[in-house]
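Trainee: no sequence on this one, just coordinates:
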């Protein structure tokens, strides 16, 4: 059903146009004698066609069209202006001012019906295009969601692959990722960045895939040569992820490369110092070290929470970015929740 | 001005031969006649050319609706004079138009069998 707004201060024209619109079928006429009231109605309603007289008290048809077009979302709705036969200049002005077509008085039914049908066809086309655009946008959103979900799953599986070759556990990557999130929130990062670090942090040790088993799985302390090889995992992880078109992979590459840098410049692989170390690297450094210290491994006992906190405190400005340590400790209640949620003996769902 | 005679075939042709709309249109014309007469007289008496132009325009359209070319032409003269800001003789011209409206109404009443 097409809603046709008719504005004319003359009863006879209003009645005549209404009758002609009803004769077209599938149309619901909405009548106004006063253009100001019609304009107010248009703020809350979106007619399929507007038929407006030119000469009216309070507001003429040209002014009405200008005000109507200025309303949000009304710039393309079809408008027919009614003028007298001798008002050629007004017709030109109407067409230039936003009317799609015009009708002359006295109204001729054949002409009226043809022009109204044309305008309504235009409206049907507009609606079809708008609906199609909305449908396509929805499809794109859905596909994008699916791709992001697959991407998230793939990242988790890649991270798990690296962890399987390491004494670390699946729960470790979950905990350190959530600790990273706590720090990011504490630093006031926006929701997008917080989500990004949660997804990217698990990839911090993905480069361990490229480290030989005799070093990676060595139960004792690494000798200097072995440690040099071990240190390569940061660069290997970066190499694996760096050229991805995915924002998450790119963030993962940055985290992999920089999570062993130290705030005082004594870290590796580049010996970056202070804020020259990317923020995600500084955040993950705190989260990773804290979880490694407080977790039991075949070659070591778990540190107490107090001892681990003390190490973080002592490492402020040396190993760690002081602000990251502060943000981590400020979220202590959440840290304890994460420890409860992801215990080592539990295998997280993939 | 020549006396008004209704040209039903011409009106019906414009209305696509629809007798119902034709009768409804005549009825609305008659219902509004007092208001329209009062509006043009008041506009002429006010000396406001904008108001006079608008009311003369309305009558021009009203006469044209019932195919009264002579009445429409006379209303057009008043509308154009008002548009130029000329209101002299407006009261007489308005009285003429009112008289014409009344004449048309008589014919339409007869057409509707009243």
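Mentor: That came through fine. Please read all numbers here as calculations on a predicted model, not as lab measurements. Residues are numbered from 1 along each chain as shown, chains lettered A, B, ... in the order given.
Trainee: which residue packs closest to residue A:219, ignoring adjacent ones?
Mentor: residue A:299 (5.3 Å; Cβ to Cβ, 6 or more residues apart in numbering or on different chains). The C-beta positions use only the backbone N, C-alpha and C, and glycine is treated the same way.
Trainee: What distance do you get for that neighbour to chain B?
Mentor: 97 Å (Cβ to the nearest Cβ, to the nearest Å).
Trainee: Check residue A:82 too.
Mentor: 9 Å.
Trainee: isn't that residue right up against residue A:106?
Mentor: No. Look at residue A:82 against residue A:106 with Cβ atoms under 8 Å: they stay out of range, at 10.3 Å.
Trainee: what about the two, which has more around it?
Mentor: residue A:82 (26 against 22; other Cβ atoms under 10 Å in any protein chain shown).
Trainee: Report pLDDT for the more buried one.
Mentor: Note on residue A:82: pLDDT of 90.
Trainee: which other helices and strands contact the helix or strand where it lies?
Mentor: Using DSSP states H and E, residue A:82 falls within strand A:79-84. Using 3 or more Cβ pairs under 8 Å, 6 or more residues apart in numbering or on different chains; DSSP states H and E, the elements in contact with strand A:79-84 are strand A:49-53, helix A:61-70, helix A:88-96, strand A:101-105, helix A:109-164, helix B:49-65.
Trainee: That strand to helix A:61-70, inter-axis angle?
Mentor: When axes from the mean of the first three to the mean of the last three Cα atoms, to 10 degrees is applied, the directions of strand A:79-84 and helix A:61-70 differ by 180 degrees.
Trainee: Point me to the residue of chain A nearest chain B.
Mentor: Across chain A, no residue is closer to chain B than residue A:109, which sits at 3.6 Å (Cβ to the nearest Cβ).
Trainee: ok, now how distant is residue A:14 from residue A:20?
Mentor: Using Cβ to Cβ, to the nearest Å, residue A:14 is found at 11 Å from residue A:20.
Trainee: I meant residue A:70, not that one.
Mentor: 29 Å.
Trainee: Counting neighbours, what do you get for residue B:71?
Mentor: Neighbours of residue B:71 using other Cβ under 10 Å come to 25.
Trainee: Quick one: residues contacting it.
Mentor: B:1, B:4, B:59, B:63, B:97, B:100, B:101, B:104 (Cβ atoms under 8 Å, 6 or more residues apart in numbering or on different chains).
Trainee: Up against chain B, what does chain A have?
Mentor: Taking Cβ under 8 Å from any Cβ of the partner chain, the part of chain A that reaches chain B is made up of A:9-13, A:15-16, A:19-20, A:23, A:55-57, A:84-86, A:105-110, A:113.
Trainee: just checking, the residue of chain A closest to chain B touches residue B:18?
Mentor: Yes. With contact defined as Cβ under 8 Å, residue A:109 reaches residue B:18; the gap is 7.0 Å.
Trainee: anything in contact with each of those two?
Mentor: With Cβ under 8 Å, 6+ apart as the test, residue A:109 and residue B:18 both reach residue A:23.
Trainee: Looking at those two, which one has more neighbours?
Mentor: residue A:109 (19 against 16).
Trainee: what's the distance between the residue nearest to residue A:304 when sequence neighbours are not counted and residue B:67?
Mentor: Among residues not flanking residue A:304 along the chain, residue A:294 sits closest, at 7.9 Å (Cβ to Cβ, 6+ apart). Separation of residue A:294 from residue B:67 (Cβ to Cβ) stands at 97 Å.
Trainee: burial measure for the closest residue to chain A within chain B, as a count.
Mentor: Nearest residue of chain B to chain A: residue B:16, at 3.6 Å (Cβ to the nearest Cβ). Using other Cβ under 10 Å, residue B:16 has 15 other residues around it.
Trainee: Reduced to three states, what does it come out as?
Mentor: coil (DSSP: H, G, I helix; E, B strand; the rest coil).
Trainee: Once you drop chain neighbours, what's closest to it?
Mentor: That would be residue A:109: by Cβ to Cβ, 6+ apart, it lies 3.6 Å from residue B:16.
Trainee: returning to what we had before: show me which of the contacts of residue B:71 are buried.
Mentor: B:4, B:59, B:63, B:97, B:100, B:101, B:104 (16 or more other Cβ atoms under 10 Å in any protein chain shown).
Trainee: and residue 24, what are its phi and psi?
Mentor: Just going to use chain A. phi -70, psi -30 (degrees, to the nearest 10).
Trainee: Tell me how many other residues surround residue A:46.
Mentor: Neighbours around residue A:46, by other Cβ under 10 Å: 12.
Trainee: dump the residue contacts of it.
Mentor: A:3, A:73, A:74, A:77.
Trainee: Go again with 10 Å.
Mentor: By Cβ atoms under 10 Å, 6 or more residues apart in numbering or on different chains, the residues touching residue A:46 are A:3, A:5, A:71, A:73, A:74, A:77.
Trainee: Could you report the neighbour count for the third one?
Mentor: By the criterion of other Cβ under 10 Å, residue A:71 has 13 neighbours.
Trainee: how about it, what does it touch?
Mentor: Residue A:71 sits in contact with A:39, A:42, A:43, A:46, A:77, where contact means Cβ under 10 Å, 6+ apart.
Trainee: Assign the third one to one of the three secondary structure states.
Mentor: Reduced to three states with three-state DSSP, the structure at residue A:43 is helix.
Trainee: Need the nearest residue in space to it, chain neighbours excluded.
Mentor: Closest to residue A:43 by Cβ to Cβ, 6+ apart is residue A:71, at 6.3 Å.
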